[in-house]
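Novice: Build me a structure from this.
(4 chains)
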2 protein chains.
Amino acid sequence: MDLKDIQQLLHEHKFRLTKEREAVLMAFVDARRMFTPAQLHDYVKERYERVGLTTVYRLLEALTKVGLATPFLIDGEIYYTFCPNQHHHHFVCLQCHQVKELFQCNAQQAMDVDQKIGTVAYHKLDFFGRCRSCEEEKH
Amino acid sequence: MDLKDIQQLLHEHKFRLTKEREAVLMAFVDARRMFTPAQLHDYVKERYERVGLTTVYRLLEALTKVGLATPFLIDGEIYYTFCPNQHHHHFVCLQCHQVKELFQCNAQQAMDVDQKIGTVAYHKLDFFGRCRSCEEEKH
DNA sequence: ACCTTATAGAAAATCATTTTCTACAACGGA
DNA sequence: TCCGTTGTAGAAAATGATTTTCTATAAGGT
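Specialist: The predicted structure follows:
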């Protein structure tokens, strides 16, 4: 999924991709890690250009609405990660906040929620720990 | 896990179980559903006795800290559910907010996160949908 | 019973998020 | 390409959930 596709998806939902949003989007996509809105704001400011915090909030809201971003709740903080793909899971490094996608998914079958309980609309499966490079960091 | 065990666990962490906290705890445990702090506050006020909202926040924080409550992020709202057991997963009804625990867990084996990625400290697997009774409600 | 330490709850403070507002930019049609 | 419509940027203000503060009180150990 590249910029064109993202643009089209946003467009279908009547969101316009301005240069400001594009700057935030580029930063967000490239980073491959999770951010709180304020963190992403700082990150964009440093690397790309100065944009308003409101703009960051609005893009994150838009991306979440069209299914391109996922919020995580960790230690009471809400982090967002860019999620271009349909259904997948995550490995989240609690140290460097890097996020990796895992595509293989056997959870639905593996768990097989009983009909007596209800009907599953969707599920979430995420792994948290330390990524390889964070582990190697401390000798 | 009964009240005695909860009391002991809180005690180990130097939390005291006062009558106010006990009222909130009873409500929370009995309900078997998820609440935002404000919702739980209302619920306790109606059914048990009047307690301060601050007290509700503090109990939820304490329970989360000792591993007896789990927060869910749904539509931007943070909901808490009482989680007495070690490792398990959830079925969350998005309509009535009822929560059921699922104990069988093959996720770790089923997914088998690659060593190259990192080391998993814990994982979360939750199912969202409509529970049986909500489904039957509308004929 | 006494002493230390945690708690209740109201009130105030904090701070993340949302709303408001105005000038401006993007898109689509002529 | 120009124009009208509609969404957007960003600062500033408002909102509202959550946290902190404070004082009297209660809990639990000794």
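
Novice: my read: A:His13 touches A:Ala62, true?
Specialist: Yes - here A:His13 reaches A:Ala62: they are 7.2 Å apart, a contact under C-beta atoms under 8 Å. Yep, even glycine has a C-beta here, placed from its N, CA and C like the rest.

Novice: more crowded one of these two?
Specialist: Neighbour count, other C-beta atoms under 10 Å in any protein chain shown: between A:His13 and A:Ala62, A:Ala62 has more, with 20 against 10.

Novice: A:Glu12 is in contact with the more buried one, correct?
Specialist: No - counting by C-beta under 8 Å, A:Ala62 stays clear of A:Glu12, with 11.5 Å between them.

Novice: ok, the lengthiest strand in chain A: who's next to it in the sheet?
Specialist: What stands out as the longest strand in chain A, according to DSSP state E, is strand A:118-131. Within its sheet, strand A:118-131 is paired with strand A:89-93 (parallel), strand B:118-131 (antiparallel), according to DSSP bridges.

Novice: so which of these is the most packed in?
Specialist: strand A:89-93 (a mean of 23; mean count of other C-beta atoms under 10 Å in any protein chain shown).

Novice: which residues sit against that one?
Specialist: Contacting residues not belonging to strand A:89-93 are listed as A:34, A:70, A:72, A:74, A:81, A:98-102, A:105, A:107, A:124-131, A:134, B:111, B:113, B:117-118, B:120 [C-beta atoms under 8 Å, 6 or more residues apart in numbering or on different chains].

Novice: so A:Arg47 touches A:Ala27, yeah?
Specialist: Yes - counting by C-beta under 8 Å, A:Arg47 touches A:Ala27, with 5.9 Å between them.

Novice: Compare neighbour counts for those two and give me the winner.
Specialist: A:Ala27 (22 against 12).

Novice: Does that one touch A:His41 like I think?
Specialist: No - in terms of C-beta under 8 Å, A:Ala27 does not count as a neighbour of A:His41; the distance is 9.7 Å.

Novice: For DNA strand D, which of the strands paired with strand A:118-131 is the nearest?
Specialist: Among the strands paired with strand A:118-131, strand B:118-131 comes nearest to DNA strand D, with 19.1 Å by C-beta to the nearest atom of the strand.

Novice: How far does that closest one sit from its chain's centre?
Specialist: 14 Å (C-alpha atoms, centre = their mean, to the nearest Å).

Novice: Show me what counts as buried in the helix or strand following that strand.
Specialist: The C-terminal neighbour of strand B:118-131 among helices and strands, as given by DSSP states H and E, is helix B:132-137. By neighbour count with 16 or more other C-beta atoms under 10 Å in any protein chain shown, helix B:132-137 contains the buried residues B:132, B:134.

Novice: For helix B:132-137, name the packing helices and strands.
Specialist: In terms of contacts (3 or more C-beta pairs under 8 Å, 6 or more residues apart in numbering or on different chains; DSSP states H and E), helix B:132-137 is packed against strand A:118-131.

Novice: which parts of the helix or strand where A:Gln39 lies are buried?
Specialist: Using DSSP H and E, A:Gln39 sits in helix A:37-47. For helix A:37-47, burial by neighbour count (16+ other C-beta under 10 Å) applies to A:37, A:39-41, A:43-44.

Novice: Any residue of it touching chain B?
Specialist: No - against chain B, helix A:37-47 shows no contacts by C-beta under 8 Å from any C-beta of the partner chain, the least distance being 12.0 Å.

Novice: Packing partners of that helix?
Specialist: helix A:19-31, helix A:53-65, strand A:77-82.

Novice: For chain B, find the nearest of these.
Specialist: Nearest to chain B among those is strand A:77-82; the distance by C-beta to the nearest C-beta comes to 6.6 Å.

Novice: pLDDT on that closest one, on average?
Specialist: In this model, strand A:77-82 has a mean pLDDT of 93.

Novice: follow-up on the earlier one: now do the helix holding A:Gln39 against strand A:77-82, angle only.
Specialist: Here helix A:37-47 runs at an angle of 50 degrees relative to strand A:77-82 (axes from the mean of the first three to the mean of the last three C-alpha atoms, to 10 degrees).
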